[in-house]
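Asker: Below are the sequence and a predicted model; questions follow.
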Amino acid sequence: MTGFPRRVLVTGAAGSVGRATLDLLARHQVAVTGLDLRGPGGLPLDRMVVGSAGDPEIVRKALDDVDAVIHLAALPAPVLGTPEEVFCGNTRATFVVLEEAGQAGVRRAAIASSMSALGLAWADRVLHPAYVPVDEDIPLQVEDPYGLSKQTDELTAAMMSRRHGMTTVALRFPRLGGPEDKLRRTAEEWAADRAAGARELWCYLDVRDAARAAWLAVTRPIEGHHVLAVAAPDTLMSEPTEELLAAFHPGSERRAPLPGRAVPVDLRAAERVLGFTARHVLP
């Protein structure tokens, strides 16, 4: 595929990132097929397929005339189902979507991974990153089915890249929100419980920026498989990042200075590979 895709399949189209992605694709005048377990009206697309992203027959139907995939469908937390439902459902959907896309000749795909792949967010005990700012090569410490599903999804995308000659990008999203009211609620939540924010390294991303990262992932002239952390450049906290790290992750190796409210995540790979930096940043 060269240039913009003619038609994009967006799984999880009715979710918050899905809707933001549909809005962005509409502005680019790109045809969209949506796939979701439910089919709400009013979505800016010309074709909607209702069903599971883990059903090969449904996915084959949704892939008709598609030349790029943005796969967002998932149970986005381990508390939203049994461990088996979360892990098996998420990983099955990613495998089916990418395998069927590869068999159909699709050669560009972006998938929603998560900072939860680091293992900190949902562990039953307090975990700390090996070093900060965290990057895509940091050792993973997953102890929960959701984080494991995202780690597995990244490996699945890497395999599909080799198997089908497909360019795949796994986007490690942090806490998502938007418009701004949801992010402000998260900021208030973490201000009241800084330890809860510490599990997510106090980082966030507006869904509009998440959509733009996914768009760049299927349109930039890149090849192979990439895992990329994407986040706003500053935390949601009012305190300096170094103070927060000293209080909540004191044993993590410091590999670079983090002045002011700088997010303790290395965002350089996403900027280098996709030309992505967040635009919707809370003051």
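Answerer: Yes, it's here.
Asker: So which residues make contact with the one helix or strand in the chain whose mean pLDDT sits lowest?
Answerer: For the chain, counting by mean pLDDT, DSSP states H and E, helix 180-192 ranks last in confidence among helices and strands (a mean of 91). Defining contact as Cβ atoms under 8 Å, 6 or more residues apart in numbering, one finds that helix 180-192 is touched by 175, 177, 196-197, 202, 204, 206, 236-238, 280, 282. In this view, the C-beta of every residue, glycine as well, is placed from N, C-alpha and C.
Asker: now stretch 247-260
Answerer: Under Cβ under 8 Å, 6+ apart, the answer for stretch 247-260 is 128-133, 194-195, 198, 234, 240-242, 245, 264, 266.
Asker: coming back round to it: among the contacts of helix 180-192, which ones are in strands?
Answerer: Residues of the contacts of helix 180-192 located in strands (DSSP state E): 175, 177, 204, 206.
Asker: Check these against residue 147 and report the nearest one.
Answerer: When the ones in strands among the contacts of helix 180-192 are ranked by distance to residue 147 (Cβ to Cβ), residue 175 comes first, at 14.2 Å.
Asker: what sits against the closest residue to that closest one other than its chain neighbours?
Answerer: Excluding its sequence neighbours, the residue lying closest to residue 175 (Cβ to Cβ, 6 or more residues apart in numbering) is residue 204, at 4.7 Å. For residue 204, the contact set (Cβ under 8 Å, 6+ apart) comprises 174-177, 183, 186, 231-232, 235-236, 282.
Asker: State the pair within those residues that is farthest apart.
Answerer: Checking the contacts of residue 204 with Cβ to Cβ, the most distant pair is 176 and 235, at 14.8 Å.
Asker: the more surrounded of these two?
Answerer: Taking neighbours as other Cβ atoms under 10 Å, residue 176 and residue 235 compare with residue 235 leading, 28 against 22.
Asker: where does the nearest residue to the more buried one once chain neighbours are set aside sit relative to residue 271, distance-wise?
Answerer: In space, and not counting its chain neighbours, residue 235 is closest to residue 202: 3.8 Å by Cβ to Cβ, 6+ apart. Per Cβ to Cβ, to the nearest Å, residue 202 is found 20 Å from residue 271.
Asker: same question, residue 56
Answerer: Distance from residue 56 to residue 271, by Cβ to Cβ: 36 Å.
Asker: between the two, which one's more packed in?
Answerer: Taking neighbours as other Cβ under 10 Å, residue 56 and residue 271 compare with residue 56 leading, 15 against 12.
Asker: so that one sits right up against residue 98, yeah?
Answerer: No: counting by Cβ atoms under 8 Å, residue 56 does not reach residue 98; the two are 11.6 Å apart.
Asker: What pLDDT does the model give residue 283?
Answerer: Predicted confidence (pLDDT) for residue 283: 82.
Asker: can you check residue 42 too?
Answerer: 87.
Asker: what kind of secondary structure is it in?
Answerer: Here residue 42 is recorded as coil under DSSP: H, G, I helix; E, B strand; the rest coil.
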